[in-house]
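Engineer: Next input, structure requested:
(one chain, ligands or ions: 1)
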Amino acid sequence: MRQAKVFERVTIEEVQAYWDRRPCNIRHSPKPIGTKEYFDEVEARKYFVEPHIPRFAEFPRWKGKRVLEIGCGIGTDTINFARHGAYVTAVDLSEKSLEIARQRAKVYGLEDRITFIQANAEELDRYVPVEPYDLIYSFGVLHHTPKPERAFAQLRQYAHSDTVLKVMVYHRYAWKVLWILLKYGKGQFWKAAEWVARYSEAQEGSPVTYTYTTKELKALLAHAGFKAVEMWVDHIFPYRIADYKQYRYVKVWYFRWMPSWLFRALERRFGWHLCATAIPISR
Ligand SMILES: C[S@@+](CC[C@H](N)C(=O)[O-])C[C@H]1O[C@@H](n2cnc3c(N)ncnc32)[C@H](O)[C@@H]1O
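Structural biologist: Have a look, this model is predicted:
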């Protein structure tokens with residue numbers, strides 16, 4: 001696989017430095033970072049632009065349950081699991097992101113429900129005690145680590161027989177991939193791994209961004225001891241970037257004129273987020 005050749009040699013320190021420089025979604029609000037107003041706006045913007053997240057995470061379902069979140073970033077989903085009554089262990093590689101996530105838990109009075117741990121998902125059991133969780137959740141994370149199969153292989157030991165695993169990784173056959181290759185890559189499809197990584201995030205230059213087909217993700221899950229019970233593709237970002245940065249939601253012309261049923265059909269076929277719900281394969 002060409003992607004592995006490109007990304008495997010990236011060090012975990014490079015990945016951490018990238019996310020410490022600009023934690024994910026940190027500019028989702030112009031309000032002072034760390035305030036309630038800031039966190040409220042970050043959440044509103046995230047779920048406005050990515051409305052499939054609450055559907056995927058099913059926050060209320062985990063009330064009173066134990067949730068292990070891999071790659072919590074600044075904690076938007078973490079807070080929602082806790083707010084709905086779950087007990088959450090949330091890990092991330094980026095200390096800077098965790099600092100903000102911890103402050104967020106404090107602002108909402110949810111500190112007693114969340115344990116934050118700085119950890120590399122590829123060696124999770126070095127940092128997180130091996131105990132069973134009811135939900136293992138990771139949204140947009142495992143494709144950013146140099147050796148994702150190592151991170152996936154860590155998960156089974158945190159599962160009991162009824163554990164649910166929910167993972168989102170980026171989709172290869174996505175509108176966004178085509179858009180990046182045409183806009184920035186000048187059609188260099190043979191260098192797709194490099195171009196996609198460079199422009200996959202809000203901050204240019206992500207050192208590692210794998211993309212997967214449904215078949216590849218299924219195989220990765222099976223190799224890690226999980227069977228996918230539901231897989232679907234979602235999310236096309238339809239807004240003009242310049243306006244979006246100014247907190248205005250103006251769609252690019254071709255999406256503005258597209259009927260919503262067609263846009264939705266495109267999202268379900270060529271979306272950027274490949275979401276999987278899986279269960280452990282019984283031993
Ligand atoms: C795109 S952000 C997603 C954050 C969060 N899940 C969300 O949806 O807002 C990716 C996150 O993955 C984390 N990450 C990348 N590689 C990791 C690793 N090996 N172990 C733990 N976290 C990692 C980054 O630090 C970053 O916070």
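
Engineer: Could you use CA atoms for every contact and neighbour count after this?
Structural biologist: Fine.

Engineer: where does the chain come near the ligand, residue by residue?
Structural biologist: The chain comes close to the ligand at residues 16, 19, 24, 71-73, 76, 92-94, 119-122, 139-141, 144-145, as judged by Cα under 6 Å from any ligand atom.

Engineer: What subset of the residues you listed is buried?
Structural biologist: 16, 19, 24, 71-73, 76, 92-94, 119-122, 139-141, 144-145 (16 or more other Cα atoms under 10 Å).

Engineer: From the ligand, how far off is the closest residue to Leu110 other than its chain neighbours?
Structural biologist: Leaving aside its chain neighbours, Leu110 sits nearest to Ala82 (6.7 Å; criterion: Cα to Cα, 6 or more residues apart in numbering). Distance of Ala82 to the ligand, given as Cα to the nearest ligand atom, to the nearest Å: 15 Å.

Engineer: After the helix or strand where Ala82 lies, which helix or strand is next? Please name it.
Structural biologist: Per DSSP states H and E: Ala82 is located in helix 76-83. Toward the C-terminus, helix 76-83 is succeeded by strand 87-92 as the next helix or strand (DSSP H and E).

Engineer: Please name every helix or strand in contact with that following strand.
Structural biologist: Judged by 3 or more Cα pairs under 8 Å, 6 or more residues apart in numbering; DSSP states H and E, the packing partners of strand 87-92 are strand 66-70, helix 76-83, strand 114-118.

Engineer: Which strands border the first one, and is each parallel or antiparallel?
Structural biologist: Going back to what we said before, that points to strand 66-70. Using DSSP bridges, the strands paired with strand 66-70 are strand 87-92 (parallel), strand 133-139 (parallel).

Engineer: Comparing the ones you listed, which comes out most buried?
Structural biologist: Highest mean neighbour count of these: strand 87-92, a mean of 25 (counted as mean count of other Cα atoms under 10 Å).
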